[in-house]
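Q: structure of the sequence below:
(chains A and B)
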Amino acid sequence: MRRALGGWRALLVLLTLFAIWELYVDLGGADPLILPAPHAIAQSLYDDRALLWSNFVVTAEEVVLGIAVAAIVALALAIAIHFSPTLRQAIYPLLVGSQAIPVPIIAPLLVLWLGFGIAPKLVVIALVSFFPIVVTTLAGLAGVDHELLKLMRTFDAPRRRTFWHVEFPSALPGVLTGAKIAAAVAVIAAVFAELSGANSGLGYLYQQSENQLLMPRAYASVVVLCVFAIALFWLLTLAERLAVPWAYHRSTGDAT
Amino acid sequence: MIEAPIEEPRELDDRVGVRVELVSRTFVTKRGPVQALSGMSLRAAPHEIVAVVGPSGCGKTTLLELICGLQHADSGTIVSAPAALMPQRDLLLPWLGTLDNAALALRARGLSREQARATAAPWIERFGLRGFEDSKPASLSGGMRQRVSFLRSLLAGKAVLALDEPFASLDAITRAEMQGWLGHILETEPRTVVLVTHDVEEAVVLGDRVVVMSARPGRAIAEVEVSLERPRRRTDPDLIGLRERVYEALGVAQ
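A: Sure, this is the predicted structure:
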């Protein structure tokens, strides 16, 4: 009941903002070639639905696969860092630094190396997504109760069995939390990757529409991106509830 | 229906018990060295239940970790049959059901999930956990969680059990029930037990002997023999008398 009410409140805020936007454009506050009115975007969402859908499928595939790649790489890195203080000192600072590289700088280089296919997009998305996952996964690994590790020692557990039975499951909620944090930036990264060289995808459609001065369609692709990011976050929250229910009950940050 | 245990518990025929002689242990902390134990001695004969009571921070947990081989003494001698710890908090894994949590020590030894579950399963009934085999810890009561935790340590198959204030987190009624239950389990499954507790009544209800420790640095300052028949009644005047003696040794006026 409270959730439903919360949803209505979010919708009310959104409708108010759209109304102000609509009035602003209609009353001549901005050139519709720069900022289209919401009704024009809505019209485009309907008229161009087939085009938007086919490009959405491309971007969605890039983002979902990109986050999956990021999750696997991040899990492996977090485990390696967790076990090796040397590795922690050697590569953790580099990981932080890697996050400061602006995507528009690195994306053209990746297109040059990897071509116009999905590969450079996956690298860009994984690059911006893996770091929050590494951080939250490391927090999960470090959060394992010290007493529990002692207990496993009195049970004569070798290090690797303690890892598989106790530490690895403890790290999984971190992977999903990190992926949730990464969801929104992954969508932005996909757009940047597409702007650097692509022949489909919502970022590509945005650019094409802008070049043809079809501003409502350009904005319509942004709306689809926003809705996609929300849906992705919601899906990851659902995955959390199903896959790691013990951690879900403790977590916050429910956007639905 | 349930197979016989594939692997019998390991050698439990304990001829060593626990012998702690003049053990000292100092920790280095940021605020300088802290001496936890100084000249601590304790003996537990095979299958004897020795309760250890003492003021807060007297090094009781350190003593148990030394017995379990989790720490090394700075000086003194420790001889003990292999020991398993039962921690103060239950520390059950939230993603595992009761049976899998209880079987953790078996999994730690490398048994497959099926083998471990089959070995743990026959114990479920005696531990009052029937019908909760696949319940997650979050849906169990405090008393049930401690029983799962105890079963887990018991199934480690060690001759010695080091119990660290096992019932401290329970309410008074559940605690009394659990003490009766533990006494009964240990009669049928004898182990050498070192039971650390804050609860003097728990010590005299469960222990064959009560060792009283001083404030930090901890050492044994008194010993009270409890040669009463089991099951013991808390209202037994002899038991109350022994309880008073332990309180006296602790320097607490009743």
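Q: can you list the residues of the stretch 51-200 of chain B near chain A?
A: Within the stretch 51-200 of chain B, the residues that sit near chain A (C-beta under 8 Å from any C-beta of the partner chain) are B:65, B:68-70, B:83-85, B:87, B:89, B:91, B:93-95, B:104-105, B:107-110, B:136, B:138, B:156, B:158, B:162. Quick note: C-beta positions are derived from backbone N, CA and C, even for glycine.
Q: of these, which belong to strands?
A: B:83, B:84, B:85, B:162 (DSSP state E).
Q: reformat these as CSV; add neighbour count and pLDDT.
A: Output for these, formatted as CSV (neighbours: other C-beta atoms under 10 Å in any protein chain shown; pLDDT from 0 to 100):
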residue, neighbour count, pLDDT
B:83, 25, 92
B:84, 23, 92
B:85, 28, 92
B:162, 27, 94
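Q: whichever of the residues of the stretch 51-200 of chain B next to chain A end up buried, select them in PyMOL.
A: Per 16 or more other C-beta atoms under 10 Å in any protein chain shown, the buried members of these correspond to this PyMOL selection:
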select buried, chain B and resi 65+68+70+83+84+85+87+89+91+93+94+95+104+105+107+108+109+136+156+158+162
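Q: so of the residues of the stretch 51-200 of chain B next to chain A, which ones are in helices?
A: The members of these that map onto helices under DSSP state H are B:65, B:104, B:105, B:107, B:108.
Q: which neighbouring elements make contact with the host helix or strand of residue B:205?
A: For residue B:205, the host element (DSSP states H and E) is helix B:200-206. Judged by 3 or more C-beta pairs under 8 Å, 6 or more residues apart in numbering or on different chains; DSSP states H and E, helix B:200-206 is in contact with strand B:49-53, helix B:172-188, strand B:192-197, helix B:237-250.
Q: show me where chain A has its strands.
A: In chain A, no strands are found when defined by DSSP E.
Q: and it, which residues reach chain B?
A: For chain A, the residues in contact with chain B (C-beta under 8 Å from any C-beta) are A:145, A:147-148, A:150-157, A:161-162, A:165-166, A:169, A:244, A:246-247, A:249.
Q: hmm, 6 Å instead?
A: A:147, A:148, A:150, A:151, A:152, A:154, A:155, A:157, A:161, A:165, A:169, A:246 (C-beta under 6 Å from any C-beta of the partner chain).
Q: surely residue B:160 is in contact with residue B:83?
A: Yes - if you go by C-beta atoms under 6 Å, residue B:160 and residue B:83 touch, sitting 3.7 Å apart.
Q: next, give phi and psi for residue B:168.
A: phi -60, psi -30 (degrees, to the nearest 10).
Q: next, format the ones in helices among the residues of the stretch 51-200 of chain B next to chain A as CSV and append pLDDT.
A: Shown next, in CSV, are these (pLDDT from 0 to 100):
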residue, pLDDT
B:65, 93
B:104, 95
B:105, 93
B:107, 95
B:108, 93
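Q: among those, which pair sits farthest apart?
A: Spatial extent of those (C-beta to C-beta) is set by the pair B:65 and B:107 at 22.6 Å.
Q: how close does residue B:195 sit to residue B:114?
A: To residue B:114, residue B:195 is 33 Å away according to C-beta to C-beta, to the nearest Å.
Q: quick one: which of those two has more around it?
A: residue B:195 (27 against 10; other C-beta atoms under 10 Å in any protein chain shown).
Q: roughly how far does the nearest residue to residue B:129 once chain neighbours are set aside sit from chain A?
A: Using C-beta to C-beta, 6 or more residues apart in numbering or on different chains and skipping residues adjacent in sequence, the residue nearest residue B:129 is residue B:98, 5.4 Å away. Distance, residue B:98 to chain A, using C-beta to the nearest C-beta, to the nearest Å: 14 Å.
Q: so residue B:98 sits right up against residue B:145, yeah?
A: No - counting by C-beta under 6 Å, residue B:98 does not reach residue B:145; the two are 9.1 Å apart.
Q: who has more neighbours, those two?
A: When neighbours are counted by other C-beta under 10 Å, residue B:98 comes out ahead of the other of residue B:98 and residue B:145, with 28 against 20.
Q: so which residue is smack in the middle of chain B?
A: Residue closest to the average C-alpha location in chain B (C-alpha atoms, centre = their mean): residue B:163, at 1.7 Å.
Q: pretty sure it is touching residue B:195, no?
A: Yes - with contact defined as C-beta under 6 Å, residue B:163 counts as touching residue B:195 (4.6 Å).
Q: tell me who's in contact with the residue nearest to the centre of chain B.
A: B:86, B:195 (C-beta atoms under 6 Å, 6 or more residues apart in numbering or on different chains).
Q: roughly how far does it sit from residue A:128?
A: Distance from residue B:163 to residue A:128, counting by C-beta to C-beta: 50 Å.
Q: cool, and residue A:51?
A: Taking C-beta to C-beta, one finds residue A:51 at 27 Å from residue A:128.
Q: now swap in residue B:128 and tell me
A: For residue B:128 relative to residue A:128 (C-beta to C-beta), the value is 52 Å.
Q: the more surrounded of those two?
A: Of the pair residue B:128 and residue A:128, residue A:128 is the one with more neighbours under other C-beta under 10 Å, namely 23 against 13.
Q: neighbours around the nearest residue to the more buried one once chain neighbours are set aside, how many?
A: In space, and not counting its chain neighbours, residue A:128 is closest to residue A:189: 4.3 Å by C-beta to C-beta, 6+ apart. The local packing of residue A:189 (other C-beta under 10 Å) involves 26 other residues.
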